[in-house]
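Undergrad: sequence first, then the predicted structure, then my questions.
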Amino acid sequence: MTTIKKNLFYVLIQQFILLGLPFLTIPYISRVLGPNGVGHYSYSFSYVTLLINVFLLGSNLYGVREIAKVKSNSGQLSRTFSEIYWIRTGLLMLGTLFYVSCVQFLWEGDKVFYWQTLHFIAAFFDITWLFQGLEQFKKVVTRNITLKLLGFVSVFLFVKDEHDVVLYTIIMGASVLIGNVALFYRLGRNVRFTRSMDGFKRHLIQMFILFIPSFSAMIYSVLDKTMLGFLSSTTQVGYYEQAYKIVYMISSLINISGTVMLPRTSSLIAENQLDKLHQILRDGVTFTLFLVFPIMFGFLVIAKDFVQWFLGNQFQVSGTIAMIMAPVIIFKSLGVIFGSWYLVPMNKNKEYTLPIVIGALLNLILNLLLIPKYGAVGAASATTVTEGVILAVQLWFLKNVIKPNWKMKKGILMYLLASVVMAILVIVLSGEWPTSLLLKIVLKFLFGSMLYMLMLLLLREELARNLVKKLFLFKLSVNK
């Protein structure tokens, strides 16, 4: 198995675990803490996440890129890692002091806000960017699965009612801290700390360049919850947060390629294999749309039933919010390909930054206009429009890079047509199906999946036919 296939496998396993465990904890937490408790935690977590990302500048993405460039030179690898790590440490010390001061004076010692400090402490030990740059995804995956299992078990053991928001906050922060510390102990096998700070100025400048889009992305991925809590209520944050989690759980499973492909495409660029890079980009877009069109339209069909079954009757509003945010599945999936596969490794800082800055400003304006009147529904609408605009600007910059041929255009049109027809048929034919929510969801999913593949096979679409052939050959080899 090639390195890239191994890395995709490890990250895919990780995503199944990371998504599967929340799949079990989200319904439990929704029912135990309720919209207000979920909102209180999410509101405080949005602040700590925002500040950590602000003070770390763009160092996570930058670290992966720089480590990938020097991974074959052990001396340069240690120097690069040490320089970036010491910069991160200094920035985090400032961030921690600032956050603790805010807790004391702005939030009057609120215990939930106070215990979120654990995430700042955990960030000091976060070196996942090193192992991602080295393409050693097995270590990162093992760490992530361990900390998620730890948090998962602890939540069910200790969080019992709406008064346990503080305990839930401690569990979430402590599990991240323990996982980071465990990974930190493996550091010596790959690098050693040096005192070199020769690249301090260069690293800081490049981090700041990448920080601009990172911070802009924060405005519509984190600050929306902050603004929602400030302009509306923590209950509205709770409705929005749970719908947001469901949509982003789906898109993050599709987006695993971004984590794996950044170091790989950086290597292709360093070797000047641009034709191969462009072909990989086109193939990635085609395959992603093959997956996300039916997922998005299928999700629209089952969203309300799924949310009611998954979160409970208290969160019915989240069903509408999830439907509004469904197109984000497509927008984010393509955005990851354009950003992580091409723009970041190609050092296209303007092309990477400008769409996100435009989106951030638009999102800020839309939030201010929509949240006071429409609450969580307004925030969801603002997020969806923002993601769409960002993707449109990225496509404009990449129009001469992707250059879709007729075969690619035809395939994408088939995926869209088959997905729309599938959704319409499922809605029309499911009217008399069983009233059990879970059974109805499962039947819609299975029926929709079969319809989609059947239509593509009837249209003689190449990708669908190749997948069926591979599955058939795999089954024959297993039977032998």
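TA: Everything's here; your move. Numbers count the residues shown, from 1 in each chain.

Undergrad: give me the most central residue, this structure.
TA: Of all residues in the chain, the one closest to the mean position by CA atoms, centre = their mean is S252, 4.4 Å from it.

Undergrad: tell me the confidence at I269?
TA: pLDDT recorded at I269 is 67.

Undergrad: going forward, begin numbering at 2 instead of 1
TA: Let's use 2 as the start, then, which means that last one is I270.

Undergrad: residue ranges with poor pLDDT in the stretch 352-481 of the chain?
TA: 433-435, 471-481 (pLDDT under 70).

Undergrad: surely P346 meets R66?
TA: Yes - the pair P346 and R66 passes the contact test of CB atoms under 8 Å, sitting 6.5 Å apart. For the C-beta atoms, the positions are set from N, CA and C on the backbone; glycine is no exception.

Undergrad: neighbour-wise, which of the two wins?
TA: Regarding P346 and R66, a neighbour count based on other CB atoms under 10 Å identifies P346 as having more, with 24 against 21.

Undergrad: please report the distance of that one from V65.
TA: P346 sits 10 Å away from V65 when distances are taken as CB to CB, to the nearest Å.

Undergrad: so where's the protein uncertain?
TA: Counting by pLDDT under 70, the chain has low-confidence residues at 2-25, 59, 138-145, 148, 214-222, 254-272, 433-435, 471-481.

Undergrad: residues contacting S47?
TA: For S47, the set of contacting residues under the criterion of CB atoms under 8 Å, 6 or more residues apart in numbering consists of V223, L224, K226, T227, G230.

Undergrad: show me the helices in the stretch 2-151 of the chain, by range?
TA: Taking DSSP state H, counting those that start in this stretch as the test, the helices found in the stretch 2-151 of the chain are 4-56, 60-71, 75-106, 112-116, 118-125, 129-134, 138-159.

Undergrad: right, and those - which one's nearest I247?
TA: Proximity to I247, assessed across the helices of the stretch 2-151 of the chain by CB to CB, is greatest for helix 4-56 (7.8 Å).

Undergrad: domains of this protein?
TA: By the record's domain assignment, the chain is partitioned as 4-404, 408-481 (automatic domain parsing).

Undergrad: tell me which of the ones you listed is the most buried.
TA: Scoring the domains of the chain by mean neighbour count under mean count of other CB atoms under 10 Å gives domain 4-404 as the most buried, with a mean of 19.

Undergrad: centre of the chain to that domain, how far?
TA: Taking CA atoms, centre = their mean, to the nearest Å, one finds domain 4-404 lying 5 Å from the centre of the chain it belongs to.

Undergrad: sorry, back to before: dump the contacts of S47 to a markdown table, plus distance to L107 and secondary structure.
TA: Below are the contacts of S47 laid out as a markdown table (distance: CB to CB, whole Å; DSSP: H, G, I helix; E, B strand; the rest coil):
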| residue | distance to L107 | secondary structure |
| --- | --- | --- |
| V223 | 17 | coil |
| L224 | 16 | helix |
| K226 | 17 | helix |
| T227 | 12 | helix |
| G230 | 13 | helix |
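
Undergrad: how about the CA coordinates for the strand or helix carrying Q237, as PDB?
TA: Taking DSSP states H and E as the definition, one finds Q237 inside helix 235-255. Extracted as PDB, the C-alpha positions of helix 235-255 are listed here (Å, rounded to 0.1, in the frame of the first residue of the first chain):
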ATOM      1  CA  THR A 235     -27.500  31.100  24.500                       C
ATOM      2  CA  THR A 236     -30.600  28.900  23.700                       C
ATOM      3  CA  GLN A 237     -30.300  30.100  20.000                       C
ATOM      4  CA  VAL A 238     -26.600  29.200  20.200                       C
ATOM      5  CA  GLY A 239     -27.700  25.700  21.300                       C
ATOM      6  CA  TYR A 240     -30.100  25.300  18.300                       C
ATOM      7  CA  TYR A 241     -27.400  26.500  15.900                       C
ATOM      8  CA  GLU A 242     -24.500  24.600  17.400                       C
ATOM      9  CA  GLN A 243     -26.200  21.200  17.200                       C
ATOM     10  CA  ALA A 244     -27.300  21.700  13.600                       C
ATOM     11  CA  TYR A 245     -23.900  23.000  12.700                       C
ATOM     12  CA  LYS A 246     -22.300  19.900  14.200                       C
ATOM     13  CA  ILE A 247     -24.400  17.600  12.100                       C
ATOM     14  CA  VAL A 248     -23.600  19.400   8.900                       C
ATOM     15  CA  TYR A 249     -19.900  19.700   9.600                       C
ATOM     16  CA  MET A 250     -19.700  16.100  10.700                       C
ATOM     17  CA  ILE A 251     -20.800  15.100   7.200                       C
ATOM     18  CA  SER A 252     -18.500  17.600   5.400                       C
ATOM     19  CA  SER A 253     -15.500  16.700   7.600                       C
ATOM     20  CA  LEU A 254     -15.800  13.000   6.700                       C
ATOM     21  CA  ILE A 255     -15.600  14.000   3.000                       C
END
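
Undergrad: just to revisit the earlier point, and the helices of the stretch 2-151 of the chain as JSON lines, adding distance to T436?
TA: Compiled in JSON lines, these are given as follows (distance: least, CB to CB, whole Å):
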{"stretch": "helix 4-56", "distance to T436": "20"}
{"stretch": "helix 60-71", "distance to T436": "47"}
{"stretch": "helix 75-106", "distance to T436": "48"}
{"stretch": "helix 112-116", "distance to T436": "39"}
{"stretch": "helix 118-125", "distance to T436": "43"}
{"stretch": "helix 129-134", "distance to T436": "45"}
{"stretch": "helix 138-159", "distance to T436": "29"}
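
Undergrad: since that was my last question, I'll sign off now.
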